[in-house]
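Student: kindly return the folded structure for what I paste below:
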Amino acid sequence: MNVYLVGGAVRDALLGLPAGDRDWVVVGETPESMAAAGFRPVGADFPVFLHPRSGEEYALARTERKTAPGYRGFVFHADAAVTLEQDLARRDFTINAIAQADDGTLIDPFGGRDDLERRVLRHVSPAFAEDPVRILRAARFLARFAHLGFSLAPETDALMRGMVRAGEVDHLVPERVWQEIQRALATKTPSAFLRVLRACGALKVLLPEVDALYGIPQRAEYHPEIDAGLHTEMVLDMAARLAPGDTLIAFMALTHDLGKALTPPADWPKHIAHEHLGLPAVEAVCARWKTPAEYRVMALHACREHLNVHRLEQLRPETVHTLLQRLDAFRRPERVAALATLCEADKRGRLGMSESAYPNAALLLRCHRAAAAVTGRDVGPGLSGPAVGDALRKKRIAAIAAAKAEI
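Tutor: I've put the predicted structure just below:
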């Protein structure tokens, strides 16, 4: 059996990155011979098998042909005559089209090793344009490898622009788009994801609410970077720094300022009530891409509450208690920590402020801990019904006041 390690495992090894999942291609076999060797078939669209001992995926070498718009419009062909080179030719980028034989020999028909050395992301063939998901993958790979100095090949950028003009992006389904967005949000430099999509025009199609932030001015005394789109990029990267791999917090960062594109231009660079104006935009993004329920809930909280957290020292204890109730913080304490991190990323995601202290994060957590420590057992005997809840509220507000007094 001619078996080759392919794709990300080979690429990451050549980059000196930690090993992830391994993918294997089998050349010269058939579904029947794979089954006879003990492999278990799992592929619905094309022949993929699980190894009888390791459980890793082994796919028969295959080719593909475009038959309809969108990323699902392909017919796959796999048989014993398909060569390794033909299989590699259908892949997206040269750095993903490298195979490794059992003896360590690399098969690299499209110059992937050279592009790794040059830190260039380049498409393998014009067939790249047949699959709109590859635009998202290009943006995600740039986000993942930006810290290594990778850039997009000009010819690949031009091809992606043409795909957007041709309307290929319009055929993407929500589940696939959200999968790529979420994976991009888990990278070290999610801002690169936005920049790549914006450069080719896809951001305006996929996330028009985010695209609209670029060019919107902010008050220089609070935002030296001025541009609201640039600020969103900086908050995203700061969120990735403060909470590596936390896609929920990153999504909150992505959507927290959407209202700034909706404030009256006559008021710029002020953005009065943008925390409320942005709520329908957050809802639109979540509905379009069918985000998980908690992502929607926390994105709405981030949009609505981030200014409240920034001025937490000035808020009355009653107002802080109401904020915690809106978060459902006494049942979902993890939401308080997520909001505190988002607000710190928002404050430090500004030009020249990346190392600034943000005491309000600790203050929010301290107020919550103090209030949550008060339970129904602390309200005293002789109360029932609504009186219990009222007494609990008063004691929690008093605890918040005490926590704020520690400043």
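
Student: hey, let's count contacts and neighbours off CA atoms from now on
Tutor: OK.

Student: average pLDDT across stretch 107-122?
Tutor: When pLDDT is averaged along stretch 107-122, the result is 97.

Student: can you give me how far it is from the chain middle?
Tutor: 26 Å (Cα atoms, centre = their mean, to the nearest Å).

Student: does residue 227 really touch residue 220, like I thought?
Tutor: No: contact between residue 227 and residue 220 fails when scored by Cα atoms under 8 Å: they sit 9.4 Å apart.

Student: neighbour count winner among these two?
Tutor: Taking neighbours as other Cα atoms under 10 Å, residue 227 and residue 220 compare with residue 227 leading, 18 against 12.

Student: pLDDT weak spots in the stretch 51-200 of the chain?
Tutor: The stretch 51-200 of the chain contains residues with pLDDT under 70 at 64-76.

Student: tell me where it has strands.
Tutor: 57-60, 63-66, 74-77, 99-100, 106-107, 120-121, 151-152 (DSSP state E, counting those that start in this stretch).

Student: turn those strands into CSV, columns for distance to residue 236.
Tutor: Listed next are the strands of the stretch 51-200 of the chain as CSV, based on distance: least, Cα to Cα, whole Å:
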stretch, distance to residue 236
strand 57-60, 34
strand 63-66, 36
strand 74-77, 35
strand 99-100, 34
strand 106-107, 37
strand 120-121, 22
strand 151-152, 19
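
Student: so residue 120 bridges to which residues?
Tutor: Beta bridges link residue 120 to residue 151, judged by DSSP bridges.

Student: does it touch residue 148 like I think?
Tutor: No: using Cα under 8 Å, residue 120 makes no contact with residue 148, being 10.4 Å away.

Student: who has more neighbours, the two?
Tutor: In this view residue 120 and residue 148 are compared by other Cα under 10 Å, and residue 120 has more residues nearby, 21 against 10.

Student: show me what the helix ranked longest in the chain is packed up against.
Tutor: For the chain, the longest helix by residue count, based on DSSP state H, is helix 386-405. Contacts defined by 3 or more Cα pairs under 8 Å, 6 or more residues apart in numbering; DSSP states H and E place helix 386-405 against helix 317-326, helix 359-372.

Student: tell me which of those is the most buried.
Tutor: Burial of these is given as mean neighbour count (mean count of other Cα atoms under 10 Å); helix 359-372 ranks first at a mean of 19.

Student: restricting to C-alpha, output that one in CSV.
Tutor: Extracted as CSV, the C-alpha positions of helix 359-372 are listed here (Å, rounded to 0.1, in the frame of the first residue of the first chain):
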residue,chain,number,x,y,z
PRO,A,359,-8.2,48.2,36.8
ASN,A,360,-11.9,48.0,35.9
ALA,A,361,-11.5,44.4,34.9
ALA,A,362,-10.5,43.5,38.5
LEU,A,363,-13.1,45.9,39.9
LEU,A,364,-15.9,44.2,38.0
LEU,A,365,-14.8,40.8,39.2
ARG,A,366,-14.5,42.0,42.7
CYS,A,367,-18.0,43.5,42.7
HIS,A,368,-19.4,40.3,41.3
ARG,A,369,-17.6,38.1,43.9
ALA,A,370,-18.9,40.3,46.7
ALA,A,371,-22.5,40.2,45.5
ALA,A,372,-22.4,36.5,44.7
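
Student: report the angle between that helix and helix 386-405.
Tutor: On the basis of axes from the mean of the first three to the mean of the last three Cα atoms, to 10 degrees, helix 359-372 is oriented at 150 degrees to helix 386-405.

Student: contact partners of helix 359-372?
Tutor: The contact list for helix 359-372, computed with Cα atoms under 8 Å, 6 or more residues apart in numbering, reads 309-310, 312-313, 320-321, 324, 329-330, 336-337, 340-341, 343-344, 395-397, 399-400, 403-404.

Student: quick one, that helix and helix 317-326 angle?
Tutor: Using the same axes, to 10 degrees: helix 359-372 against helix 317-326 is 80 degrees.

Student: any idea how far residue 300 lies from residue 224?
Tutor: Between residue 300 and residue 224 the computed distance is 26 Å (Cα to Cα, to the nearest Å).

Student: which of these two has more neighbours?
Tutor: Higher neighbour count among residue 300 and residue 224: residue 300, with 23 against 14, using other Cα under 10 Å.

Student: about what we covered before: need the contact partners of the longest helix of the chain.
Tutor: With Cα under 8 Å, 6+ apart, helix 386-405 has contacts from 313, 316-318, 320-321, 363, 366-368, 370-372, 374-376, 378-379.
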